[in-house]
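**Student:** Here is a sequence with its predicted model. Questions after.
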Amino acid sequence: MTRQAILSPHQAVLGLLMRGPMHGYELYQKYASELGPIWHAGRSQVYAILKQLEEAGQVAAQTEFQESRPARRVYRLTPDGRQAFLEWVHQPVKEIRDIRVLFLAKLYFLCQLGLEGVDTLIEAQKAVCCERMDALARAAELNADSFGNLVCEFRRHQLEAILDWLDHCRQQFVSQGEEA
């Protein structure tokens, strides 16, 4: 799978449809208002995604006629689309740079949809970060180049900050779960 495919907002569109059927413009508006701060998609991109998801059998569309307005297509999630979304939302991201988009989107949907697994996702993401820390330590040992060591040190500090943030997320979601 290409990096572009991994960062495609297809799964986010499926996640919005987990709430129930919506027409294309309504879906775009929800996408822009709810996910816009972390994951941009233009209106034409959302419509193109809906077409691709329909061709893949993950959404189904029905034409809805309106009295004084043009007909519109209302999209609903299919069982295949639901399964694809649930598989995606529970998996940690593999690339650390994708935490700022994909991981945040996954946290958003787990919380907004009331799905179980926030703790599990956070712990799995921490494990991925720890694996990367170990790989960086091995790379630093092998690297005699001062610039290479500087890069490893930069990445190590990034991972430490992400691990701290993941602990913060876990504390926040655990306390929210106790209040509910």
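**Tutor:** Noted; the coordinates are in hand.
**Student:** Which secondary structure elements does the host helix or strand of Lys51 sit against?
**Tutor:** Secondary structure assignment for Lys51, by DSSP states H and E: helix 43-55. If you count contacts as 3 or more CB pairs under 8 Å, 6 or more residues apart in numbering; DSSP states H and E, helix 43-55 packs onto helix 10-17, helix 24-30, strand 59-64, strand 72-77. From N, CA and C alone the C-beta is placed, and that goes for glycine too.
**Student:** and the gap between Gln158 and Arg132?
**Tutor:** 9 Å (CB to CB, to the nearest Å).
**Student:** which neighbours do the two share?
**Tutor:** Common contact partners of Gln158 and Arg132 (CB atoms under 8 Å, 6 or more residues apart in numbering): Ile96.
**Student:** Rounded mean pLDDT for the longest helix seen in the chain, please.
**Tutor:** Longest helix in the chain, counting residues (DSSP state H): helix 146-179. Confidence for helix 146-179, expressed as mean pLDDT, is 86.
**Student:** same thing with stretch 82-96?
**Tutor:** 95.
**Student:** now swap in stretch 112-121 and tell me
**Tutor:** The model assigns stretch 112-121 a mean pLDDT of 94.
**Student:** With just CA atoms, put it into CSV.
**Tutor:** Provided in CSV are the C-alpha atoms of stretch 112-121 (Å, rounded to 0.1, in the frame of the first residue of the first chain):
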residue,chain,number,x,y,z
GLN,A,112,-17.2,10.0,19.3
LEU,A,113,-18.7,6.7,18.3
GLY,A,114,-18.5,5.3,21.8
LEU,A,115,-16.4,2.3,20.7
GLU,A,116,-14.4,0.3,23.1
GLY,A,117,-10.6,0.0,22.6
VAL,A,118,-9.2,3.4,23.4
ASP,A,119,-6.8,2.0,26.0
THR,A,120,-5.8,-0.9,23.7
LEU,A,121,-5.1,1.5,20.8
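**Student:** For that stretch, buried residues please.
**Tutor:** Going by neighbour count (16 or more other CB atoms under 10 Å), the buried part of stretch 112-121 is 115, 118, 121.
**Student:** got it, and stretch 128-136?
**Tutor:** Quick answer for stretch 128-136 (16+ other CB under 10 Å): 128-129, 132-133, 136.
**Student:** next one: stretch 88-105
**Tutor:** For stretch 88-105, the buried set under the neighbour-count rule, 16+ other CB under 10 Å, comprises 88-90, 92-93, 96, 98-99, 101-105.
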